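Student: Sequence below, structure please.
(one chain, ligands or ions: 1)
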Amino acid sequence: MSIDLSTPPVPVSFEVYPPRTEAGWPVLHETIRHLASVDPRFISVTYGAGGSTGGRSLELLTHIRRETTVEPLAHLTCVGSTWAGANALIREFLDAGITSFLALRGDPPDGATEDEAFLGDLESAAQLVQLIDRVQAEREPYAEAPIPGVPGAARVDRRTDVDIAVAAFPSGHPRSRHATEHIDALLAKEAAGATLAITQLFFDADDYLGFVQRSREAGVTIPILPGIMPITSPARLRRTLELTEVPRPDALAAALEAEETPEARSAVGIAHAAALAQAVLDGGAPGIHLYAFNNHETVLAVLRDAGILSADARMRLAVS
Ligand code: FAD
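Tutor: The predicted structure is shown next:
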């Protein structure tokens, strides 16, 4: 199975993270079941830089692969890894049947500077993209297809390519040394073999659309999927801005603060994310990727309000 963004209805996808405790698994499995019911093109699973979530990420990806018909997409980071370690990690995921990846550099541990931390053998996500492609080629140099009517015979085919997504930053990367470094980085990732980009969250459609235009002018040709995070409380907004260093959305912040109940704040966040999704689709986005925060209700409400669920998906949701 591979990721197809070319066929209707509007392609949607979700990001989830592995549970922090054993007790979190049953709830997350239920969330995955609901997310899968709207036929997303993939569900991506985050990976803790330095391997902090390693086993649990793979466990969750394997669950998605076995229990749903949705393509599982594995985030992998390379900061702090040796070549041998990264190679072994990629093989472990491929051996488990995972063939779609989001190749990331990952951030050095808190408090470590670029100079003092052990940043690892791979300097950028582009090198991880190349390594994933190389490991897959070594593991499966070609594919074999049975020849109908000739028992035991096989035709040698081109190997199945892995899908390799990469991160993109509509508002620039916080550590960029100049204004277009993040676009140069995206070009390098495409040249290394990336097939899809997924953006960091943003709050204004023009941030995404302007970024796509600048990327195209620079020569990027792969699809750039907008990453949208519904923000349903002032606390979540503060935390998200701290982590991502994305510019503060003043109007959304004021609207969230003006509400007094969690339900009313949630409605503000859902309406904002739904309007953003509609605006980027109107501007030509190839689909919508939603940061689900391991909660299906909010992201499914965004899709419903944005009017981008198929009639079938709406029906399945109603009975799920
Ligand atoms: P790269 O493509 O290698 O670099 C991107 C930019 O970083 C460059 O443009 C450059 O401006 C800057 N940069 C890189 N290296 C340097 C340097 N040495 N000096 C100065 N500037 C530099 N992180 C996780 O740990 N786990 C996850 O699961 C995860 N998922 C993510 C999903 C998405 C969709 C996004 C957008 C981010 C995710 N991240 C995750 C965060 C990501 O690892 C960080 O943003 C990281 O800092 C950059 O990763 P990259 O793959 O874009 O790196």
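
Student: Counting neighbours, what do you get for the closest residue to P247 other than its chain neighbours?
Tutor: With C-beta to C-beta, 6 or more residues apart in numbering as the criterion, P247 has its nearest non-adjacent residue at 5.9 Å, and that residue is S171. Bear in mind the C-beta positions are built from the backbone N, C-alpha and C, glycine included. Counted with other C-beta atoms under 10 Å, the neighbours of S171 add up to 19.

Student: surely S171 meets L241?
Tutor: No: the pair S171 / L241 is not scored as a contact, 10.9 Å apart, by C-beta atoms under 8 Å.

Student: Would you double-check that the residue nearest to P247 falls in a strand?
Tutor: No: assessed by DSSP: H, G, I helix; E, B strand; the rest coil, S171 does not belong to a strand; its assignment is coil.

Student: quick one: low-confidence ranges for the stretch 1-150 of the chain?
Tutor: Where the stretch 1-150 of the chain drops to pLDDT under 70, the residues are 1-2, 6-8, 54, 110-118.

Student: where along it do the helices fall?
Tutor: Assigned by DSSP state H, counting those that start in this stretch, the helices in the stretch 1-150 of the chain fall at 25-36, 54-67, 83-95, 125-139.

Student: G307 contacts L281, correct?
Tutor: No: under the criterion of C-beta under 8 Å, G307 makes no contact with L281, lying 9.7 Å away.

Student: Which of the two has more residues huddled nearby?
Tutor: Legend: neighbour count by other C-beta under 10 Å for G307 and L281, higher for L281 (18 against 11).

Student: Can you name the residues that contact that one?
Tutor: Contacts of L281 were listed using C-beta atoms under 8 Å, 6 or more residues apart in numbering, and they are 10, 288, 306, 308.

Student: Format these as a markdown table; extra columns: secondary structure and distance to G210.
Tutor: Converted to a markdown table, these look like this (DSSP: H, G, I helix; E, B strand; the rest coil; distance: C-beta to C-beta, whole Å):
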| residue | secondary structure | distance to G210 |
| --- | --- | --- |
| V10 | coil | 21 |
| I288 | strand | 18 |
| A306 | helix | 21 |
| I308 | coil | 22 |
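
Student: Now the two most distant members of these.
Tutor: V10 and A306 (8.7 Å; C-beta to C-beta).

Student: what touches both of these two?
Tutor: The contact sets of V10 and A306 overlap at 281, 288 (C-beta under 8 Å, 6+ apart).

Student: Look at these two and report which has more neighbours.
Tutor: A count of neighbours by other C-beta under 10 Å puts A306 above the other of V10 and A306, at 23 against 18.

Student: I'd say W25 and P18 touch.
Tutor: No: assessed by C-beta under 8 Å, W25 is found out of contact with P18, at 9.1 Å.

Student: of those two, who's got more company?
Tutor: Between W25 and P18, counted using other C-beta under 10 Å, the more crowded position is P18 (23 against 15).

Student: ok now do that one, which residues does it touch?
Tutor: 28, 45-46, 53, 56-57, 59-60.

Student: Now do the contacts for the nearest residue to N295 once chain neighbours are set aside.
Tutor: Nearest residue to N295 in three dimensions, chain neighbours excluded: T31, at 6.7 Å (C-beta to C-beta, 6+ apart). Contacts for T31 (C-beta under 8 Å, 6+ apart) come out as 16, 292, 294-296.
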